[in-house]
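Visitor: sharing a sequence plus its predicted fold:
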Amino acid sequence: MVNKTNQEFLEYLSRNASISAVFAQVLVNRGLKDVKSIKDFLFPSIENLHDPFLMPDTGKAVERIKTAMAKNETVLVCGDYDADGITSTALLVSTLRTLGLKTYYHIPNRMTEGYGFSKEGIKKAQTIGAGLIITVDCGISSEEEVSMSMSLGIDVIITDHHEPPARLPDALAIVNPRRADSEYPFKHLSGVGVAYKLAQALMQLTVNSEQLTEELLDLVAIGTIADSVPLTGENRTLAAYGLKALNNNSDKPWIYSFKKTSGMDKKNFCSRTLSFTIIPRINAAGRLGNADEVVELFLTQDKDKAEEIALFLDEQNRKRQRIEEDVFKSALDMIDVHNLENAIVLHSPSWHQGVIGIVASRLVEMFYRPTFMFSVKDGIAKGSARSIPPFHIYKGISECSELLLAYGGHSQAAGLKILVENIPAFKEQINSLIQNT
């Protein structure tokens, strides 16, 4: 809290930002401590977005894509199966096709490939004859896959927003605001936010660049809100303008179809309604199987096809809700509420891998403990982790890396893989780390 000795400062903010002193206090508590940041927060403007070329390697990425255009190369966009990854994929595929590039995409199957840039994606790139792979919302920890791709003569551009490891993959370009050498002013973009910044840079090659990039903002709003990044700075601007685009462009097939199937056809979207209507339907496909249908929904101009896919996603979401409830009840049965540890660490061979992340979020909300849930198959436990604000979960699991087969994520959410026999040791170590945080 700002104490009473700062009343003069609050009155200064009140006068110059045209707000009450009480509201000024609230905003100061949120870290907004000057007139400009307060005005940017209350009245976000697209004009205040940062130059995309301030992002590390954006220039390199644009030059390589220009070469692909000149040589008429085929490009593969490799995304991820959640709403952030799916919207990132649709956004970049749309951008590259607008520029005239022959562009395909690959979304990994959660059950058979797991998270992010996979060897199956590289195989697809070989099959279609791609000379360039661009990752979105993934790739920052994919050292092996990047090396494999580059050794096959397929260049890789990584765009990602997850925490970079100490050693970066040997990609042609790595566009990530969280890089240690990054001077980009805003570090908290979602995956689709980073993809949008690359699209912004690329669209400068076109005549109608401003109009074309603004047409992508509806996708940016969905991915940004879905990924639960802080709605401050550029995220706030992108979400605000994206919501306006969603509510003003109902003639787009995918927006029309989503509104119709979610009962929002006569209502406007806000961040809350997105979180309970469109976003769960997008995530349902990736949670239960293949998310390609969602990318097709975002890309198609056929209203009948869009409505058919939207109805399918509605059915998938209902199925996801039933499975999630079963896993949630099973997890609750394992928890001794009278003897809670610092972390909740649970595993089961009967849990569907696609819903453990959302169940972990529910348990965090219920018990206010960092939560790790693992689905076990053939001795391998694939997990989803969710945290509480005081505990940076990516840094925490990094401290346990010797016990893990793979991991990645950011401050409040992560994915990890571990031998089931190592779960007790992991549980002991993560509890100790949280105790000493």
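Guide: Looks like it arrived, so ask away. Everything numeric here is computed off the predicted structure, so don't read it as measured data.
Visitor: use CA for all of it now, contacts and neighbours both
Guide: Noted.
Visitor: and the residue nearest in space to the middle of the chain, what element?
Guide: What sits nearest the mean C-alpha location of the chain, by C-alpha atoms, centre = their mean, is residue 84, with 3.7 Å. Assigned by DSSP states H and E, residue 84 belongs to helix 83-98.
Visitor: tell me what that helix is packed against?
Guide: Using 3 or more C-alpha pairs under 8 Å, 6 or more residues apart in numbering; DSSP states H and E, the elements in contact with helix 83-98 are strand 74-78, strand 102-106, strand 130-136, helix 191-203, helix 217-226, helix 278-288, helix 292-299.
Visitor: run the chain-centre distance for stretch 398-413.
Guide: Mean-position distance between stretch 398-413 and its chain equals 17 Å (C-alpha atoms, centre = their mean, to the nearest Å).
Visitor: which SS class is residue 346?
Guide: strand (DSSP: H, G, I helix; E, B strand; the rest coil).
Visitor: ok, what's across the strand from it?
Guide: residue 373 (DSSP bridges).
Visitor: all helices for the stretch 1-150 of the chain, in order.
Guide: 7-17, 21-29, 35-42, 58-71, 83-98, 119-128, 143-151 (DSSP state H, counting those that start in this stretch).
Visitor: please pull out the lowest mean pLDDT helix or strand from this structure.
Guide: helix 209-214 (a mean of 77; mean pLDDT, DSSP states H and E).
Visitor: what residues does it touch?
Guide: In this structure, residues lying in contact with helix 209-214 by C-alpha atoms under 8 Å, 6 or more residues apart in numbering are 196, 199, 200, 203.
Visitor: how about those in CSV, adding pLDDT and neighbour count?
Guide: Below are the contacts of helix 209-214 laid out as CSV (pLDDT from 0 to 100; neighbours: other C-alpha atoms under 10 Å):
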residue, pLDDT, neighbour count
196, 97, 25
199, 96, 23
200, 94, 21
203, 90, 21
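Visitor: okay if I get those residues as a markdown table plus distance to residue 157?
Guide: Shown next, in a markdown table, are the contacts of helix 209-214 (distance: C-alpha to C-alpha, whole Å):
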| residue | distance to residue 157 |
| --- | --- |
| 196 | 14 |
| 199 | 13 |
| 200 | 16 |
| 203 | 17 |
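Visitor: among these, which one sits closest to residue 140?
Guide: Nearest to residue 140 among these, counting by C-alpha to C-alpha, is residue 196 at 17.3 Å.
Visitor: contacts only, for that closest one.
Guide: Residue 196 touches 88, 91, 92, 213, 216, 220, counting by C-alpha under 8 Å, 6+ apart.
Visitor: per-residue confidence at the third one?
Guide: In the predicted model, residue 92 carries a pLDDT score of 98.
Visitor: spit out the contact partners of it.
Guide: So residue 92 contacts 77, 195, 196, 199 (C-alpha under 8 Å, 6+ apart).
Visitor: what would those residues look like in CSV with distance to residue 352?
Guide: As requested, those are exported to CSV (distance: C-alpha to C-alpha, whole Å):
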residue, distance to residue 352
77, 27
195, 30
196, 32
199, 35
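Visitor: can you list the domain ranges for this protein.
Guide: 4-41, 52-249, 335-435 (automatic domain parsing).
Visitor: tell me the average confidence for the shortest one?
Guide: Over the span of domain 4-41, the pLDDT mean works out to 85.
Visitor: next, the buried residues of it.
Guide: Within domain 4-41, the residues scored as buried using 16 or more other C-alpha atoms under 10 Å are 9-14, 17, 21, 24-25, 27-28, 32-35, 37-41.
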